[in-house]
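Enquirer: Show me the folded form of this:
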Amino acid sequence: MRVRAPKLQGRRWLNTGGRAPDLRGKIVLLDFWTFCCVNCLHVLDELRPVEEEFADVLVVVGVHSPKFAHEGDPKAVEAAVERYGVHHPVLDDPDLAMWDAYAARAWPTLAVVDPEGYVVAQLAGEGHAHGLAVLIHELVAEHTAKGTLRRGDGPYVAPPPPSTALRFPGKVAAVPSSISRGGFLVSDTAHHQVVLVDAGFTEVRRFGTGARGFADGSAPEFSEPQGLAVLPPEVAAETGYDVVVADSVNHALCGLRLADGHVTTVAGTGSPLRERIEPGGTAAELSTPWDVAWWRGRIVVAMAGWHQLWTFSPVSGKLVVLAGTTTEGLRDGPVTDAFFAQPSGLAVAGDTLWIADAETSAVRALDLDATPQVSTAVGLGLFDFGFRDGPAREALLQHPLGVGVLPDGSIAVADTYNGAVRRIAGGQVTTLAQGLAEPGDVLVDGETLVVVESAAHRLVRLPIPAGALVDAGARTVRRPRTDLAAGPVALTIDFTPPTGQHLDTRFGDPTVLTVDASPSSLLVEGGGTAPGLVRSLVLAPGEGVLSVSVAAAACDEGDAVFAACHRYQQDWGVPVRVVADGDGIAPAELVLDLRAVTGRSS
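Expert: Predicted coordinates:
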């Protein structure tokens, strides 16, 4: 059955000169995204070559559908469109009206609309670029033959270019006076550079050409660099570089030598990791490293794109997964069982590693005791946030990106979407500063805090005050709950490989499905990881979040043993209400679209 695409309407249009774009006769790809979501950022990068290849027939429209309250702020949306280099029309949809109209369930979700205005595919997650190209080729051929395809330039209108010394800086690190006369290094993220500044924040030197790219040598290119970690002198002497840079969009770690600006890629291939690696394992690829810190003789990596912590040895080059199952969520316990959600900031206090766990609005701690354990200092889960001081078990943050250790051992938090710096001490949370523009990192410098005020494009220095209490209330992400019947429930992942691909079972089932729940009592049977796209669950009455993660590998048609394969993946956090339903009102099945292709005209 052909489904007519709902009309696009929202608060306003960006990147179009303020006008609704003319989409008649074009193939339209709707990208439902929100700027907090690292998977959405991955898709923005995946779509760039698709947009370029089909520039005269395809219009990508980003439908910004906010998760957090701050993401509904018009200025924050404008800033995010610039920050992440979005060069296509964006519809600002603060009330999620379009999200609901297109039945999106997850960030990111993609919908393809043909030139006649019918929805022909709905996809969730990452890895769809190849399949999209195949589908668009088919639509071009079909609608060229029918005379319904309109070629020509798209409706994108570039905004005026900005001009500030820093542009959306991400992280800051102190440089010892023995190296480059001291000062600070700051990742100038949107300029794709690393900048050395003195104690007064005056620029001394830039590293990187400023072009978005992936290149080593004396004219290096970065792509949205974030975390910075200065190596101990003896390690730097052995490795030949002084600083480890988390080159986020290149999915790499780079070694920067400050004396001459030479850069070497020390980990990562430039391509994102597509395989789930358990703690203790390793891989050549990384997934959006967001911060790095020197801890216990190695670099710890906040692997935001894969919801894990990794370690890297600069001397041996060895990469090892330290903690996290890759399931996005908040769960404490041994490192092999813990859930993280976009860990984005790191700070070291002796044997304890502090983590800003952005998507759960949490601050976590990793202690390497006899059995390394992850615990939560502040935070309730994926969908609960706010601005509230008081006892840590009740306090609320909103998407924190940075942490630092204060002189008294308490923890400072860059509470990014609340525009604040918070303090955790003695089981209590207080507020040290408010009114900041998306603070992304904090660093203690004597009796002051150096704060990366990212959306104000600057570093600021603040005194460390005693703190003041704040209670601006609690918030919950507006996600409609899915009602399911208690007892047996059939879970199905809808996946149709693109034309020219198939699920190749010659070497076993090429799919992996992981199911979990919070609280765990919600899922009586059917949890864990196993092959397949169908799972029989047994649910207990109650409310919570059903976590579903899937990966599927589809290979090109043909008899070749080494045919090219393409990996599709997505994580869903589905808010559910499980009801004892004797009348059969609540459904006993849940269908999630990984790659669902609907009927098309012939």
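Enquirer: Show me which residues of the least confident helix or strand in the chain by mean pLDDT are buried.
Expert: For the chain, counting by mean pLDDT, DSSP states H and E, strand 471-476 ranks last in confidence among helices and strands (a mean of 75). Residues of strand 471-476 classed as buried by neighbour count (16 or more other CB atoms under 10 Å): Arg475. (C-beta placed from N, C-alpha, C; glycine too.)
Enquirer: From here on, call the first residue 792.
Expert: Right, with 792 as the first residue, what we last looked at is strand 1262-1267.
Enquirer: all helices for the stretch 792-941 of the chain, in order.
Expert: 829-844, 865-874, 888-892, 920-937 (DSSP state H, counting those that start in this stretch).
Enquirer: hmm, back to that, mind giving me the packing neighbours of the very next helix or strand once past the least confident helix or strand of the chain?
Expert: Following strand 1262-1267 in sequence order, the next helix or strand is strand 1273-1276 (DSSP states H and E). For strand 1273-1276, the packing partners by 3 or more CB pairs under 8 Å, 6 or more residues apart in numbering; DSSP states H and E come out as strand 1356-1370.
Enquirer: now the strand it packs on: how far from the chain's centre is it?
Expert: How far strand 1356-1370 lies from its chain's middle: 15 Å, per CA atoms, centre = their mean, to the nearest Å.
Enquirer: which strands and helices sit next to it?
Expert: By 3+ CB pairs under 8 Å, 6+ apart, strand 1356-1370 packs against helix 920-937, strand 1273-1276, strand 1333-1347, strand 1380-1388.
Enquirer: could you dump these to JSON lines with distance to Asp1199, mean neighbour count and mean pLDDT?
Expert: Output for those, formatted as JSON lines (distance: least, CB to CB, whole Å; neighbours: other CB atoms under 10 Å; pLDDT from 0 to 100):
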{"stretch": "helix 920-937", "distance to Asp1199": "49", "mean neighbour count": "17", "mean pLDDT": "95"}
{"stretch": "strand 1273-1276", "distance to Asp1199": "46", "mean neighbour count": "18", "mean pLDDT": "91"}
{"stretch": "strand 1333-1347", "distance to Asp1199": "36", "mean neighbour count": "21", "mean pLDDT": "85"}
{"stretch": "strand 1380-1388", "distance to Asp1199": "47", "mean neighbour count": "20", "mean pLDDT": "89"}
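Enquirer: Relative to Arg874, which of the ones you listed is closest?
Expert: helix 920-937 (21.8 Å; CB to CB).
Enquirer: Report the angle between the closest one and strand 1356-1370.
Expert: 100 degrees (axes from the mean of the first three to the mean of the last three CA atoms, to 10 degrees).
Enquirer: Now tell me what touches the helix or strand just after helix 920-937 from outside.
Expert: The first helix or strand that comes after helix 920-937 along the chain, using DSSP H and E, is strand 963-966. Here strand 963-966 makes contact (CB atoms under 8 Å, 6 or more residues apart in numbering) with 973-978, 987, 1019-1021, 1034, 1049, 1232, 1234, 1236, 1241, 1243, 1250.
Enquirer: make it 6 Å
Expert: Residues outside strand 963-966 that contact it (CB atoms under 6 Å, 6 or more residues apart in numbering): 973-977, 1019, 1021, 1232, 1234, 1241, 1243.
Enquirer: Now for Glu994: which residues touch it?
Expert: Glu994 neighbours (CB under 6 Å, 6+ apart): 986, 988.
Enquirer: Torsion angles phi and psi at it?
Expert: phi -60, psi 130 (degrees, to the nearest 10).
Enquirer: quick one: pLDDT of the closest residue to Ser1078 other than its chain neighbours?
Expert: Leaving aside its chain neighbours, Ser1078 sits nearest to Gly1096 (3.3 Å; criterion: CB to CB, 6 or more residues apart in numbering). Here the pLDDT value assigned to Gly1096 is 96.
Enquirer: sec struct for Gly1096, please.
Expert: Of the three states, Gly1096 takes helix under DSSP: H, G, I helix; E, B strand; the rest coil.
Enquirer: Does it touch Pro1080 like I think?
Expert: No - using CB atoms under 6 Å, Gly1096 is not in contact with Pro1080, being 7.9 Å away.
Enquirer: what about the two, which has more around it?
Expert: Pro1080 (29 against 23; other CB atoms under 10 Å).
Enquirer: Val1306 and Leu1324, how far apart?
Expert: Distance of Val1306 to Leu1324, computed by CB to CB, to the nearest Å: 12 Å.
Enquirer: try Arg1214
Expert: Arg1214 is 46 Å from Leu1324, by CB to CB.
Enquirer: Which residue, neighbours along the chain excluded, lies closest to Gly1115?
Expert: That would be Gln1099: by CB to CB, 6+ apart, it lies 3.5 Å from Gly1115.
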